[in-house]
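*Asks:* got a predicted structure here, sequence first:
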Amino acid sequence: MTRSKKIFAGMAIVFVLGIAWISYDISRRTTFPGSKPQLQERIKDTYLQKNDTLAADSATHR
């Protein structure tokens, strides 16, 4: 192999390894959308406290 082919092969390997590392890093920091709880459950968990009267409001329960 000539010197230019060796340089090209080395750079190609470095590029592929870099893309693989970036892909792994991004996938580790994000979550699958299907694994998140639904919006109503997230709103209840985030904004309603245990002593909150909004969840037990008589106008919403019939």
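*Replies:* Perfect, I can see it now.

*Asks:* how many other residues sit next to K44?
*Replies:* 13 (other CB atoms under 10 Å). Every C-beta, even on glycine, is put in place using the N, C-alpha and C of the backbone.

*Asks:* from T31, how far off is it?
*Replies:* 19 Å (CB to CB, to the nearest Å).

*Asks:* residues near A9, how many?
*Replies:* 11.

*Asks:* secondary structure element for it, which one?
*Replies:* Assessed by DSSP states H and E, A9 sits inside helix 3-29.

*Asks:* can you give me the buried ones in that helix?
*Replies:* By 16 or more other CB atoms under 10 Å, helix 3-29 has no buried positions at all.

*Asks:* what's the average pLDDT for it?
*Replies:* Mean pLDDT, helix 3-29: 96.

*Asks:* need phi/psi at I43.
*Replies:* Here is the backbone geometry of I43 (degrees, to the nearest 10): phi -60, psi -40.

*Asks:* ok now do it, which residues does it touch?
*Replies:* By CB atoms under 8 Å, 6 or more residues apart in numbering, no residues touch I43.

*Asks:* run through the neighbouring helices and strands of the helix holding A9.
*Replies:* Helices and strands touching helix 3-29, as assessed by 3 or more CB pairs under 8 Å, 6 or more residues apart in numbering; DSSP states H and E, are absent.
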